[in-house]
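*Asks:* The sequence and its predicted three-dimensional model are supplied below.
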Amino acid sequence: MAFDITQYAQTAAPVRFDDLDYAAFKDQPLSAEALRCMRFMSDIESHTICYLRDLLVTPSHADPDVTTFLTMWALEEYWHGEALAKVLEVHGIKTGAEHIRKLRKGLGWRDRIAPINQAVIANIVGVDYVAVHMSWGAINEWATHAAYTGLMEKENHPVLSTLLERVMRQESRHVAFYASQAKDRLTRSSKARKLTRFALKRFWAPVGSDVVPPHEIKFITRHLFSERVCQQIDEKIDKLPGQEGLGLLARSYKDAYA
């Protein structure tokens, strides 16, 4: 079934978290490992606007379905970051604008030239670059959904589970858009299939790899992912036309234990 972009645009909204019983975290605080994961997740969700910046200088900006989705996606991801930050705040972990500002400033010159690199490469390649963007997005959303599931299962905290279930319902729609777009574009173009395969094999890394140090990515992978979960995501990637056998998550899982 095709993704209904109009219905999504009409129903996209901030995830609700103002009705949660945060006092429950006083009686049953989250583990140090969970808080470390949530700090990472909150930072990455809050970084979505920077990813959007890079995408809008590519041919993706010319497709109204894609830009409609990205507008609503950025809205929902922003509020995911805020919701996670609220849980961190209850645990005494500082969040807010100053933290985000410091994080972005610390990314240095590579972050500043990222839009230029994206614009040059993507516009040389042309519209088939959108298939790379959609495939990359699908993989990252599959991994994000799995990470939230892993955190929920690890902590088994009723309030955290309620929040993460709400976040994951929105993430499921993000997955549906990216995956449907990727499959359609890869099916239609041999060039897109070859280009996407090359880009994923050569450049893909777990989401957040360009924002946090490698040891944080390794910790998140070890704590929230199992070898079986990585295999399941790789099986989903295998179903994208022309992308079978890449083993991206298996590679990431192996690297986490290296």
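*Replies:* Sure, I can see it. Computed from a predicted structure; not experimentally measured.

*Asks:* how about the helices of the stretch 151-258 of the chain, start to end?
*Replies:* Secondary structure of the stretch 151-258 of the chain (DSSP state H, counting those that start in this stretch): helices located at 158-188, 190-203, 214-224, 227-238, 248-256.

*Asks:* export these to a markdown table and tack on mean neighbour count, distance to Asp19 and mean pLDDT?
*Replies:* (Each C-beta comes from the backbone N, C-alpha and C, glycine too.) As requested, these are arranged in a markdown table below (neighbours: other CB atoms under 10 Å; distance: least, CB to CB, whole Å; pLDDT from 0 to 100):
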| stretch | mean neighbour count | distance to Asp19 | mean pLDDT |
| --- | --- | --- | --- |
| helix 158-188 | 19 | 9 | 97 |
| helix 190-203 | 16 | 40 | 96 |
| helix 214-224 | 17 | 26 | 96 |
| helix 227-238 | 16 | 30 | 98 |
| helix 248-256 | 18 | 35 | 97 |
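
*Asks:* and Asp43, which of these is closest to it?
*Replies:* helix 214-224 (9.4 Å; CB to CB).

*Asks:* Show me what the closest one is packed up against.
*Replies:* helix 32-46, helix 129-155, helix 248-256 (3 or more CB pairs under 8 Å, 6 or more residues apart in numbering; DSSP states H and E).

*Asks:* residues in contact with the last one?
*Replies:* Read that as helix 248-256. Applying CB atoms under 8 Å, 6 or more residues apart in numbering, the contact partners of helix 248-256 are 139, 143, 200, 204-206, 217-219, 221-222, 225, 227, 229-231, 233-234, 237.

*Asks:* One more: stretch 21-30?
*Replies:* 38, 86-87, 90-91, 155, 157-160.

*Asks:* Could you do stretch 181-195 as well?
*Replies:* Stretch 181-195 has contacts (CB under 8 Å, 6+ apart) with 3, 65-66, 125, 128-132, 134-135, 137-138, 196, 239-243.

*Asks:* Go ahead and build a ChimeraX selection from the buried members of those.
*Replies:* Those of those that count as buried under 16 or more other CB atoms under 10 Å are selected in ChimeraX with:
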select :3,66,125,128,129,130,131,132,134,135,137,138,196,240,241,242,243
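
*Asks:* What is the burial count for Phe25?
*Replies:* 16 (other CB atoms under 10 Å).

*Asks:* What are the neighbouring residues in contact with Phe3?
*Replies:* 176-177, 180-181.

*Asks:* So the residue of the chain most remote from its centre versus Asn156, what's the distance?
*Replies:* Within the chain, the residue lying farthest from the chain centre (CA atoms, centre = their mean) is Asp27, at 31.0 Å. Separation of Asp27 from Asn156 (CB to CB, to the nearest Å): 14 Å.

*Asks:* got any ranges where the stretch 1-150 of the chain has weak pLDDT?
*Replies:* By pLDDT under 70, the weakly predicted segments of the stretch 1-150 of the chain are 1.

*Asks:* where exactly do the strands run in it?
*Replies:* Listed in chain order, the stretch 1-150 of the chain contains no strands at all (DSSP state E, counting those that start in this stretch).

*Asks:* Please tabulate the contacts of stretch 21-30 in CSV, including the columns distance to Lys191.
*Replies:* What follows is the contacts of stretch 21-30, written out as CSV (distance: CB to CB, whole Å):
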residue, distance to Lys191
Met38, 40
Lys86, 45
Val87, 44
Val90, 50
His91, 49
Glu155, 45
His157, 47
Pro158, 50
Val159, 48
Leu160, 44
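
*Asks:* Quick check: PyMOL command selecting the buried ones in those.
*Replies:* Entered in PyMOL, the line below selects the buried ones among these, by 16+ other CB under 10 Å:
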select buried, resi 38+86+87+90+91+155+157+159+160
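
*Asks:* possible to save the helices of the stretch 151-258 of the chain as JSON lines with distance to Trp79?
*Replies:* Shown next, in JSON lines, are the helices of the stretch 151-258 of the chain (distance: least, CB to CB, whole Å):
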{"stretch": "helix 158-188", "distance to Trp79": "9"}
{"stretch": "helix 190-203", "distance to Trp79": "29"}
{"stretch": "helix 214-224", "distance to Trp79": "21"}
{"stretch": "helix 227-238", "distance to Trp79": "25"}
{"stretch": "helix 248-256", "distance to Trp79": "27"}
